[in-house]
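Peer 1: Here is the input, now give the coordinates:
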Amino acid sequence: TDEGLEPQLLAYLTFFLVLGFTLLAIRIVKKQIPSQPKEEDIGSREFWMFLGTLVLLLSVIQMTFTTSIPVWNLIFHDQIHLFKDKIAPPENAVAHYNSIQIWLGMIAGFLTGLIQFFAYKTGRMPATVKWGVYSLFVSILFAVAIAALMHIDFTEPHVIDLTRFSNNLFIKFPFISSYFLFLIAAIYAVLGNLAYLIFVVKNNWKLLGGTVSHFGFGLFLVGVLISQDKKEVISLNRQGINFGKDFKFSEKMENILLLKDSMLVMGNYEVTYTGETEQKPNHFFTVNYVRRDSATGSVIEHFELKPNAQINPKMGLIANPDTKHYWTKDVFTHVSSVPDNTNLKDTMSSAEVSVKDSFHLKGATVTIQSLNPRPHLPGNFDSNGKLLVGIDLEVRTPAKKSYQAEPVFVIDMSNGNSTSSIPSEVKDLGLTFNVERIDPVSKKVMLSIHEVEKPVDFIIMKAIVFPYINLVWLGGIITFLGALISMFRRIFS
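Peer 2: Numbers count the residues shown, from 1 in each chain. This is a model prediction of the structure:
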């Protein structure tokens, strides 16, 4: 990081890396790592535990490799020049991860539900394995019911590309949806371990820890699937605002622009960005949510979220979300972009115009309405011996808001017809107008404009509703609880 935490992070990683290899070396030296005279039987619990470990290892390898692409590019392209071209990160990160993780998760789910019924070492199938088979059929029925209620697709199109044999030759056919198979595996992890708890563990609490952990892992998988597959983006860009080249097309459609103190309807909510507070290195952006009764218009819910971000010179915007928690869903809000007000500059410009002419500035259009021989003057201004001409200006913003300004051109006849100007300021827009000269023949007016670039205050944000994401947290807690039960049993046995 660039927030002073890099030494701590390196120390943390080094400590656990050295600790892990040290403990491994000690066990090797003391010959504490058992060796098997023969390979594990395919029907033994050890074999399938090893297979499950490999599945988790493959999952970690894919995630680590992809998230470390900037590191690979830095080492193998920039420093030792082993790669001719840099590795491109996946264009669609979610699809990239899902293409592998969903199948690995599916295998892990089935193994989690079945492995408890296998016997250690012998490889013989115990009689209790029938409960694993029964729970699989029950899991399929539950999965069908949940998929129907949650509108999870049972099938999805699959395409076989045969263009290497003939142009435009594809075979397209429907097959069982990977999400539906994942749902079966996740529910099987839950029901399989529930059956093991009821029909095998019974009152033998020594076997409880692993079953509880596997049950929690199954709940975790169910929560991940439902919350991700049925998530709903509610921050739809219905105004069609183009947020620039830094946003992909899908991102442009799923983010909204909130100007400070301007309300926008978003799904069932009215959202208003009310301002920013800074607690270095974090910037907190306050967003008010209001939900009204559709019939009466009365407020039935009001809450405030404060997503925050760090503006890092090297890494750009590092956003952290804020969430409104319900029992059945979470409303997740994060900031995608904020204005950069660090390099504000004042500008000077000029315009030579006639009455009823208009000219454009950065944030306004200015029109000369008339020349006023009796202009408004500051209270302490001495007009004796001076010829005064006021320039009536109308200043209009893109939001159709109108302002009036009247700079005054002064000819001091008592001082050799010297000229000067009384400026006129529009504070809301940061504009100051002065009159440089008036051509008596053409009656054209030369104006000078001092434009102060004012800081803008807005956020571009994304809001997503994740249904039943509490299953993810509940599953994680139960998994950890099962690990604690096993740990205490091991310590005190």
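Peer 1: from here on, contacts and neighbour counts on C-alpha atoms
Peer 2: OK.
Peer 1: Okay, now the unreliable bits of the stretch 151-300 of the chain?
Peer 2: Within the stretch 151-300 of the chain, the stretches with pLDDT under 70 are 162-163, 166, 169, 173.
Peer 1: Spell out, range by range, the strands that occur in the stretch 201-350 of the chain.
Peer 2: Under the criterion DSSP state E, counting those that start in this stretch, strands of the stretch 201-350 of the chain are mapped to 232-233, 256-259, 263-266, 269-279, 282-292, 299-305, 308-312, 316-320, 322-325, 329-337, 346-353.
Peer 1: measure the residue most central in space within the chain to Ala399 for me?
Peer 2: By C-alpha atoms, centre = their mean, the chain has its centre lying nearest to His334, at 5.5 Å. His334 sits 27 Å away from Ala399, going by C-alpha to C-alpha, to the nearest Å.
Peer 1: Ser44 now?
Peer 2: In terms of C-alpha to C-alpha, Ser44 sits 73 Å off from Ala399.
Peer 1: Repeat that for Ser383.
Peer 2: For Ser383 relative to Ala399 (C-alpha to C-alpha), the value is 38 Å.
Peer 1: Please say which of those two ends up with more neighbours.
Peer 2: Neighbours per residue, other C-alpha atoms under 10 Å: of Ser383 and Ala399, the larger number sits with Ser383, 11 against 8.
Peer 1: That one: what secondary structure?
Peer 2: coil (DSSP: H, G, I helix; E, B strand; the rest coil).
Peer 1: for Arg437, same thing?
Peer 2: Once three-state DSSP is applied, Arg437 turns out strand.
Peer 1: Pretty sure Val338 sits against Ile459.
Peer 2: Yes: the criterion here is C-alpha atoms under 8 Å, and Val338 meets it with Ile459 at 4.9 Å.
Peer 1: If you count surrounding residues, which of the two has more?
Peer 2: Taking other C-alpha under 10 Å, Val338 and Ile459 do not tie; Ile459 has more neighbours (23 against 17).
Peer 1: what's across from that one in the sheet?
Peer 2: Ile459 has the following beta-bridge partners by DSSP bridges: Leu258.
Peer 1: Against Gln62, how distant is it?
Peer 2: For Ile459, the distance to Gln62 - C-alpha to C-alpha - is 34 Å.
Peer 1: Can you give me every residue that contacts His360?
Peer 2: By C-alpha atoms under 8 Å, 6 or more residues apart in numbering, the contact list for His360 reads Val366.
Peer 1: next one: Gln369
Peer 2: Val355, Lys356, Ile391, Asp392, Leu393, Glu394.
Peer 1: Those residues in strands, which ones?
Peer 2: Ile391, Asp392, Leu393, Glu394 (DSSP state E).
Peer 1: Just put those in TSV and tack on neighbour count and pLDDT.
Peer 2: Below are those laid out as TSV (neighbours: other C-alpha atoms under 10 Å; pLDDT from 0 to 100):
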residue	neighbour count	pLDDT
Ile391	24	91
Asp392	18	93
Leu393	22	92
Glu394	18	93
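Peer 1: Mind putting the residues you listed into JSON lines with distance to Val159?
Peer 2: Supplementary listing: the ones in strands among the contacts of Gln369 in JSON lines, determined by distance: C-alpha to C-alpha, whole Å:
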{"residue": "Ile391", "distance to Val159": "71"}
{"residue": "Asp392", "distance to Val159": "70"}
{"residue": "Leu393", "distance to Val159": "66"}
{"residue": "Glu394", "distance to Val159": "63"}
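Peer 1: one step back: need the pLDDT of the closest residue to the residue nearest to the centre of the chain other than its chain neighbours.
Peer 2: Nearest residue to His334 in three dimensions, chain neighbours excluded: Pro321, at 4.3 Å (C-alpha to C-alpha, 6 or more residues apart in numbering). If you check Pro321, the pLDDT there is 89.
Peer 1: isn't Pro321 right up against Thr286?
Peer 2: No: the pair Pro321 / Thr286 is not scored as a contact, 11.6 Å apart, by C-alpha under 8 Å.
Peer 1: shared neighbours, these two?
Peer 2: By C-alpha under 8 Å, 6+ apart, Pro321 and Thr286 have these common neighbours: Lys306, Pro307.
Peer 1: more neighbours, these two?
Peer 2: When Pro321 is set against Thr286 and neighbours are counted by other C-alpha under 10 Å, the residue ahead is Thr286, at 18 against 15.
Peer 1: who touches that one in this structure?
Peer 2: By C-alpha under 8 Å, 6+ apart, the residues touching Thr286 are Tyr273, Thr274, Gly275, Glu276, Glu304, Leu305, Lys306, Pro307.
Peer 1: export those residues to TSV and tack on neighbour count and distance to Phe199?
Peer 2: Shown next, in TSV, are the contacts of Thr286 (neighbours: other C-alpha atoms under 10 Å; distance: C-alpha to C-alpha, whole Å):
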residue	neighbour count	distance to Phe199
Tyr273	25	55
Thr274	18	57
Gly275	16	58
Glu276	16	57
Glu304	17	48
Leu305	20	47
Lys306	22	48
Pro307	21	47
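Peer 1: Would you tell me which one of those residues comes nearest to Gly430?
Peer 2: The shortest approach to Gly430 among those belongs to Gly275, at 20.3 Å (C-alpha to C-alpha).
Peer 1: Distance check, that closest one against Glu301.
Peer 2: Counting by C-alpha to C-alpha, the gap from Gly275 to Glu301 is 21 Å.
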